[in-house]
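**Q** fold the following.
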Amino acid sequence: MALPTSGVLDLSDIQTEFGGSNPISLSEYYAGGLYVPSGTSGTNGAVPTSGEIAVSDFYGTQSGITITVTEGSGSFGAYHVGYGFHTAFALTNQGAGPAYGSVSPTTYDGATIRAIARITVKYNNTPPPGFYISLSGNRAQNFFTSVNVQGYGTLLSSNATRSVWTNTTGTRTVFGWAGVQPSTWDGTGTRTVTIS
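**A** Have a look, this model is predicted:
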């Protein structure tokens, strides 16, 4: 939940939103540091990455980022049928796969978003149908804590199957929740996911 846009705001509010332990120090909360994701911004603009920082920099900020998915759909023979957003090679190391949909913003904490999609058919059922997020680079299991999927609810990263793939388009990490099928993700309209 976002911090207030005005009024009383103190260090304990920032700690509750972004995490941390006592004693609280404002210097723990630079963007791109241990607790505040890169690119975090609020009512007064971007949270500083270094230098002068004030409690007022945190008005309207939140620990997660909401991503708008303009849905598309795609299939690649019997290999892949999906709904949401997907770039070629996003979820496997085999074949180009289809590209469809778009996202805004296109990055999360320095990682390019390669896919946010509901997959209903996968080649040889590997990985199985489910909900997937693919991010550039080799990302740890705890790179994020949870994702709230519009039309489904909250998924925990600790419950995801994590895979790392490398091919001609680079390295990416795929987080997958087998069996998760938010039926409202049908290839049309827009949906949101909030990554925290």
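
**Q** wait, isn't residue 12 in contact with residue 24?
**A** Yes: at 6.8 Å, residue 12 counts as touching residue 24 under the criterion of Cβ atoms under 8 Å. Glycine gets a C-beta too; all of them are placed from N, C-alpha and C.

**Q** out of those two, which sits in the busier spot?
**A** residue 24 (14 against 11; other Cβ atoms under 10 Å).

**Q** any idea how far residue 186 is from residue 31?
**A** As for residue 31, its distance to residue 186 is 36 Å (criterion: Cβ to Cβ, to the nearest Å).

**Q** which of those two has more neighbours?
**A** Each of residue 31 and residue 186 has its neighbours counted (other Cβ under 10 Å); residue 31 has more, 20 against 14.

**Q** C-terminal to the worst-scoring helix or strand of the chain on mean pLDDT, what's the next element?
**A** When the helices and strands of the chain are compared on mean pLDDT, DSSP states H and E, strand 41-42 comes out lowest with a mean of 83. Downstream of strand 41-42, the first helix or strand assigned by DSSP states H and E is strand 45-46.

**Q** now that following strand, how far from the centre of its chain.
**A** 20 Å (Cα atoms, centre = their mean, to the nearest Å).

**Q** report the strands that pair with that strand, each with its relative direction.
**A** If you go by DSSP bridges, strand 45-46 pairs up with strand 41-42 (antiparallel).
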